[in-house]
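**Q** Pasting the sequence and the predicted coordinates here, then a few questions.
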Amino acid sequence: MYNKKLSPLRESISQFFILASFVVALVYGGQWYPQEDWWPVITKGATVSLISLFVIVRMQTVNHFLLFLALIASVAGDVLLAMPIENSFIKGLSAFLSAHLIFIGLYIKNKQAWSDISRLRKQIMLVLWIIAVASTALLYPYLGDMLIPVLAYTFVLTSMASAALMSRFSPMLVGTGAILFLISDAVLGARQFLSVPEYFGHIVWGTYYFAQLFMTLGIMLTDERRTHYGGYRFD
């Protein structure tokens, strides 16, 4: 655990960024922004960008730096998916693939011994892989040329969630966040390749935002001790 105390100013600024991120996430999810020009792209990209600023202000360890890199890759994915450009889906997928690879490196760096991982976590990991295989099988007839990219992304995404559950970070935050990420991308895949109700878009965004938020808080705050200025503990 890291013992360095944050100043009251850094605490206040970091908490402001988290609050601002939540507000912007609501704005994007509710589509309460001008629909013309680049406002949707800017609003979507700003949400996780603000979470990354929270990380910058509180950054104290290599874990925090790796988290920052993963968040920046995620911002790139958000922006690419929202941009009205050719092959935006595959470009966004590639950016998120990079983010997941960084997350995997971070979680492996902080892995627990297999014998120390609870039976419940191991069972959850098994269920995640079963869901990943079932989801891929469901989408298989509709993937066409996207088969290989989707298979690769699904493997990396599920590996990320499994690595999160094997890490020393809080399962309540990081574990839940990783599972939400998997759910978000599964629903996104359904929206991309199947005919689903419009409200599925809100499910994608809500689960994605809280996935990033929970994983960030779990990673950041596991490395910090309680401060005299309003810090948190989640271990």
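**A** Nice, thanks for sending it over.

**Q** continuing past the lengthiest helix in the chain, what's the next helix or strand?
**A** Longest helix of the chain, by residue count under DSSP state H: helix 119-143. Scanning forward in sequence from helix 119-143 by DSSP states H and E, the next helix or strand is helix 147-166.

**Q** Identify the residues contacting that next one?
**A** 90, 93, 96-97, 100-101, 103-104, 107-108, 111-112, 114, 117, 121, 124-125, 128-129, 132, 135-136, 139-140, 143, 171, 174-175, 177-179, 181-182, 185, 189, 215 (C-beta atoms under 8 Å, 6 or more residues apart in numbering). No exception for glycine: its C-beta is placed from N, CA and C like everyone else's.

**Q** re earlier: and the longest helix of the chain, how far from the chain's centre?
**A** Relative to its parent chain, helix 119-143 has a centroid offset of 18 Å by C-alpha atoms, centre = their mean, to the nearest Å.

**Q** so for that helix, what's the average pLDDT?
**A** The pLDDT scores in helix 119-143 average 96.

**Q** Only the buried residues of it, if you could.
**A** 121, 124-125, 128, 131-132, 135-136, 139, 143 (16 or more other C-beta atoms under 10 Å).

**Q** angle of it against helix 147-166?
**A** 170 degrees (axes from the mean of the first three to the mean of the last three C-alpha atoms, to 10 degrees).

**Q** mind giving me a markdown table with the buried residues of helix 119-143 and columns for distance to residue 69?
**A** Listed next are the buried residues of helix 119-143 as a markdown table, based on distance: C-beta to C-beta, whole Å:
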| residue | distance to residue 69 |
| --- | --- |
| 121 | 25 |
| 124 | 26 |
| 125 | 25 |
| 128 | 24 |
| 131 | 28 |
| 132 | 25 |
| 135 | 27 |
| 136 | 28 |
| 139 | 29 |
| 143 | 29 |
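
**Q** Could you work out the most separated pair of those?
**A** 121 and 143 (30.6 Å; C-beta to C-beta).

**Q** Which helix or strand contains the residue nearest in space to the middle of the chain?
**A** In the chain, the centroid-proximal residue (C-alpha atoms, centre = their mean) is residue 212; its distance is 3.5 Å. Using DSSP H and E, residue 212 falls within helix 200-222.
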